[in-house]
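Q: model this:
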Amino acid sequence: MHRWAIIGTGDISDRLVADLEAVAPGAVTAVWGRTAERAQAFADAHGIPSATSSRDQLLARDDVDVVYIATPAHTHAAIALEALAAGKHVLIEKPIATGAADAERIFTTARAAGLFAMEAMWMRFNPLYVEMIDRIGDGLLGDVNSVRASFGTPFQARGRTLTPAQGGSILLDRGIYPITLAQWFLGDPTRVDAAGRFMDGTDVDGHATLEFDRGFAQLAWSGVEFLDLSATVSGDRGWVTFAPMFWAGSMARVHAGSVERIFSSPEVVEHPRQGNGYRPMLDAVARALDDGLIEHPWHAHDQTLRTMRTMDAVLTRMSPASAAL
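A: Okay, the predicted model is just below:
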């Protein structure tokens, strides 16, 4: 059994630890928090043996093999590099970093050390996506030529989190899901057009049209308003709609296979969520570690870097001066 440490004590860590304990009871041996009090409260809530506010102390432990990093996005790269330098495998909450250069630095360091490193893109390991990616790859929709996806809820519209110092980019927090989805099916974009709004120098919403060699994607994200939370992948033989919330979905409607299926009675594909949704990813990471892998083929280093480069391009094309809040 691989022994885990958790860096960060927020909501994501809370949900992930519950799933990790269900997958591998007793696997979490230590937790780090910004203060000793926060770390101890988290440890008490989850039955974790050790709590500390010293990352050096946590990373020096002999009973830690893997570190899950769930701190603000702007800290991910530095903490991941610390963990790798200490000889620990890393699973890093998305986005893995705030730009492609830092992501590449993480992967280069991990490869040199022979250590596993992955962005925690749980959507890729969701059984619904595992099935639909395979079926679409086998020709379910014919040639895929478009993706439409959006993720917008106003719950993050708070100045405390939407500042550069807090790494509050809505593109990085929410836009990453539509962009990742589009690139799964269409590859790397040949053209990127994007616009968005900013608050105190940080993007709070945006939309983009990505053009590809064989199609296009229309994508949107927001932290100040609701947007449709579904997504659709379309081809010349039909389309698949992933029901809200598409990035954590458990149901899709397949409009393909026959005239009746396309127009009247789409096939419904369902995969109930397992726990809080992290269990399939955690199982996959555990198997990869067992096999001595340093990346998982379903969400390999190159896939993460390609998405990060696209997000870099999107952010470059979004002008803070064009529509400041």
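
Q: please count neighbours and contacts with C-alpha atoms only from this point.
A: Noted.

Q: which stretches in the stretch 101-250 of the chain count as helices?
A: 127-137, 170, 176-186 (DSSP state H, counting those that start in this stretch).

Q: any idea which of these has the lowest pLDDT on average?
A: Per-stretch mean pLDDT for the helices of the stretch 101-250 of the chain is lowest at helix 170 (a mean of 94).

Q: what's the most buried one of the helices of the stretch 101-250 of the chain?
A: helix 170 (a mean of 24; mean count of other CA atoms under 10 Å).

Q: other SSEs contacting that helix?
A: The contact analysis (3 or more CA pairs under 8 Å, 6 or more residues apart in numbering; DSSP states H and E) places helix 170 against strand 202-212.

Q: the strand it packs on relative to helix 176-186, how many degrees between them?
A: 10 degrees (axes from the mean of the first three to the mean of the last three CA atoms, to 10 degrees).

Q: I'd say Leu115 and Lys88 touch.
A: Yes. Look at Leu115 against Lys88 with CA atoms under 8 Å: they come within range, at 7.0 Å.

Q: neighbour count winner among those two?
A: Higher neighbour count among Leu115 and Lys88: Lys88, with 26 against 21, using other CA atoms under 10 Å.

Q: so the more buried one touches Ile69, yeah?
A: No. Contact criterion CA under 8 Å: Lys88 and Ile69 do not qualify, at 11.6 Å.

Q: residue ranges with poor pLDDT in this protein?
A: Within the chain, the stretches with pLDDT under 70 are 155-167, 320-325.

Q: that one: strands as residue ranges?
A: For the chain, strands defined by DSSP state E occupy the ranges 4-7, 28-32, 50-52, 66-69, 89-93, 117-120, 144-152, 191-199, 202-212, 215-222, 231-235, 238-242, 251-256, 267-270.

Q: with distance to Gly137 added, can I get those in JSON lines?
A: Below are these laid out as JSON lines (distance: least, CA to CA, whole Å):
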{"stretch": "strand 4-7", "distance to Gly137": "35"}
{"stretch": "strand 28-32", "distance to Gly137": "37"}
{"stretch": "strand 50-52", "distance to Gly137": "45"}
{"stretch": "strand 66-69", "distance to Gly137": "31"}
{"stretch": "strand 89-93", "distance to Gly137": "27"}
{"stretch": "strand 117-120", "distance to Gly137": "23"}
{"stretch": "strand 144-152", "distance to Gly137": "9"}
{"stretch": "strand 191-199", "distance to Gly137": "24"}
{"stretch": "strand 202-212", "distance to Gly137": "17"}
{"stretch": "strand 215-222", "distance to Gly137": "16"}
{"stretch": "strand 231-235", "distance to Gly137": "11"}
{"stretch": "strand 238-242", "distance to Gly137": "13"}
{"stretch": "strand 251-256", "distance to Gly137": "14"}
{"stretch": "strand 267-270", "distance to Gly137": "16"}
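
Q: quick check: which of those is nearest to Thr310?
A: Among the strands of the chain, the nearest to Thr310 by CA to CA is strand 191-199 (8.0 Å).

Q: Thr71: how many residues sit nearby?
A: Burial of Thr71 is recorded as 20 neighbouring residues (other CA under 10 Å).

Q: for the nearest residue to it once chain neighbours are set aside, what are its contacts?
A: Among residues not flanking Thr71 along the chain, Gly8 sits closest, at 5.1 Å (CA to CA, 6 or more residues apart in numbering). The contact partners of Gly8, taken as CA atoms under 8 Å, 6 or more residues apart in numbering, are Val31, Trp32, Gly33, Arg34, Ile69, Ala70, Thr71.
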